[in-house]
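>>> Show me how the following folds:
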Amino acid sequence: MDLKYRLIKSKRRKKTLTLKVDSKGDVVIYAPLKTPDSKVEDFFRKNINWIKKKIKENRSNHYHEKRFIEGEEFFYLGKPYPIVYTDRSEGGKTLRLIDGRFLFCDKKIESIKEAFIEWYRKRAFEIINEKINHYTKIMDVFPSRIRITNALKRLGSCSHKNSICFSWRIVMAPPYIIDYVVVHELCHIKEKNHSKRFWGLVEKIIPDYALRRAWIKKNNHIMML
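Numbering: from 1, shown residues only. The predicted model follows:
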């Protein structure tokens with residue numbers, strides 16, 4: 001693996017050298033303005049194993065566009081289920097999750113994607129409302145409004161008027177991750193920033209919130225459609 005890096009020197013950076021590996025595998029090193037090139041090279045070499053490991057992780061976690069072919073797996077509550085095409089439709093439902101399989105009765109790609117989005121949206125509405133009802137009683141905070149959105153990257157958000165939004169994609173994650181996202185947004189009703197006080201509120205309800213945040217960062221690709 002022939003690795004190169006892009007160097008960014010800044011007056012604002014006083015002492016430390018840091019590096020970043022982005023989702024495309026590009027390596028960027030940030031350094032104080034007067035840092036000798038030899039020191040940067042030495043820093044790069046010392047971290048080469050970590051860089052290779054990070055690039056490998058990014059490749060394995062890279063999102064592959066869904067093809068909606070039979071046998072392809074889609075996540076629900078943290079578990080993968082394959083698509084199986086069928087000519088039978090029960091109760092007029094195009095998409096059903098039965099016996100560990102997503103049964104779909106129309107083979108048009110456009111139709112199946114729309115069917116999945118609608119199915120996930122309905123499940124999200126049911127699950128989110130159930131969890132909101134549970135945690136508002138514990139936390140004594142109440143959102144002014146709850147909406148299910150099509151947000152791609154943000155699983156949840158809270159407005160200054162305490163209106164909370166959740167992406168339907170959230171139901172692809174395990175239940176304990178949904179709990180964390182719900183609690184996170186409810187805490188924003190009291191604290192509109194990510195201050196130490198905010199994370200203290202989250203920790204009271206979700207003591208291992210850092211692990212759950214890490215899961216989202218590592219597994220965000222499975223919630224794409």
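
>>> Who are the packing partners of the strand or helix carrying R45?
Assigning secondary structure by DSSP states H and E places R45 in helix 37-46. Here helix 37-46 is seen to pack against strand 27-32 when contacts are counted using 3 or more Cβ pairs under 8 Å, 6 or more residues apart in numbering; DSSP states H and E. C-beta coordinates here come from the backbone N, C-alpha and C atoms, glycine included.

>>> Averaged pLDDT, the helix holding R45. What do you get?
Mean pLDDT, helix 37-46: 92.

>>> Got the domain ranges for this structure?
For the chain, automatic domain parsing gives the domain ranges 5-60, 73-223.

>>> Give me the next element, helix or strand, following the longest helix seen in the chain.
Longest helix in the chain, counting residues (DSSP state H): helix 109-139. Following the chain from helix 109-139 toward its C-terminal end, the next helix or strand by DSSP H and E is strand 145-149.

>>> The very next helix or strand once past that following strand pairs with which strands?
Downstream of strand 145-149, the first helix or strand assigned by DSSP H and E is strand 156-158. Here strand 156-158 is paired, per DSSP bridges, with strand 163-167 (antiparallel).

>>> Can you list the low-confidence ranges for the chain?
Within the chain, the segments meeting pLDDT under 70 span 1, 13-14, 23-24, 58-64, 89-92, 107-109.

>>> how about 90 then?
Using pLDDT under 90 as the threshold, the predicted model of the chain has low-confidence ranges 1-6, 8-17, 20-26, 33-35, 50-71, 85-94, 105-113, 152-154, 217-225.

>>> Right, I'll leave it there.
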